[in-house]
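Visitor: Predicted model and sequence below, questions to follow.
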Amino acid sequence: PTVLLVLQLICSRTTLCLRRMPLLSAHVFASHIGHTGKTTLTFQMSSFYASKHPDLHVLVMDLSEEGDLTKRLLGGVDAAAGKVDDLFGGVFRLLSAAEKRSSGLTSWLWSSDFNVMDHAVKLKDHNPSMPANLYLISSGAWPRSESPMADDVRKTVCNKIRGSLEKSPHSWKLFCDTDGDRRPSPFTMLAYGLCPQAIVPLHLNKGDLDRTETML
């Protein structure tokens, strides 16, 4: 029931926004701890949303360290095993241009023709059960130690990514999956900057609510 309620809210928002802008909405699944259902909800909701809105394009950014969402979207761990080198790591490639300024801004941030979709894969090309309008940018599925972005750099990166989607001839819906941490990783912070709406799965106890307040 909770999943259906959230989907109804997101779908109703899409109906209101459909004629207004190419990037209709962006939701991040966030939590202060792991194992709350973020990845499962992102998988279910992005797939369901894409199947119910075939006229829209749906982009999923897997910003978790282990890439569990990517594995599920590709058909499971075994199906994804042979595709790691080709399909994983789109987020890293997106952000890995050589730094040319002392501020840390990468060269693509200044490029007028930057297209975030150059780093995405069409999931149906690799998993026939996925909707044809569902795309993925994956973090990688291996642990990495990323240096935190300065606030101004992160804002510029987020604006560039959103700007690329907003200039698209297609209408987009963005979902982001993240790692659970009260002190978020650099890529989780990137997701927070990209998405004005957050979905925070919780365990039903007061301690969890208290920790969520700390996270927020």
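Guide: Here it is on my side, so go on.
Visitor: Buried by neighbour count: which residues of stretch 46-55 qualify?
Guide: Going by neighbour count (16 or more other C-beta atoms under 10 Å), the buried part of stretch 46-55 is 46-50, 53. For glycine as for every other residue, the C-beta is placed from the backbone atoms N, C-alpha and C.
Visitor: Tell me the one of those nearest Leu69?
Guide: Ser46 (8.6 Å; C-beta to C-beta).
Visitor: Let me see the contact set for that closest one.
Guide: 58, 60, 73, 134, 175 (C-beta atoms under 8 Å, 6 or more residues apart in numbering).
Visitor: Just the element for it, please.
Guide: helix 38-52 (DSSP states H and E).
Visitor: again with Tyr135
Guide: Going by DSSP H and E, Tyr135 is in strand 134-138.
Visitor: before we move on, what about Cys176?
Guide: Cys176 belongs to strand 172-177, assigned by DSSP H and E.
Visitor: hmm, who's touching that strand?
Guide: For strand 172-177, the external contacting residues (C-beta under 8 Å, 6+ apart) are 10, 14, 22-29, 38-39, 42, 45-46, 49, 53, 56-64, 69, 165, 191, 194-195.
Visitor: try 6 Å this time
Guide: 22-24, 26-29, 38-39, 42, 46, 56-64, 69, 165, 191, 195 (C-beta atoms under 6 Å, 6 or more residues apart in numbering).
Visitor: Starting from Lys83, give me the distance back to the residue lying closest to Ile199 once chain neighbours are set aside.
Guide: Of all residues not flanking Ile199 in the chain, Phe29 sits nearest, at 5.2 Å (C-beta to C-beta, 6 or more residues apart in numbering). Per C-beta to C-beta, to the nearest Å, Phe29 is found 23 Å from Lys83.
Visitor: Among these two, which residue is more densely surrounded?
Guide: Phe29 (28 against 17; other C-beta atoms under 10 Å).
Visitor: Who is the more buried one paired with across the strands?
Guide: Listed beta-bridge partners, Phe29: Asp177, Ile199 (assigned using DSSP bridges).
Visitor: Could you tell me which residues make contact with it?
Guide: By C-beta under 6 Å, 6+ apart, the contact set of Phe29 is 38, 41-42, 177, 199.
Visitor: export the residues you listed to JSON lines and tack on pLDDT?
Guide: Listed next are these as JSON lines, based on pLDDT from 0 to 100:
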{"residue": "Lys38", "pLDDT": "92"}
{"residue": "Leu41", "pLDDT": "95"}
{"residue": "Thr42", "pLDDT": "96"}
{"residue": "Asp177", "pLDDT": "95"}
{"residue": "Ile199", "pLDDT": "91"}
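Visitor: Cheers, nothing more for now.
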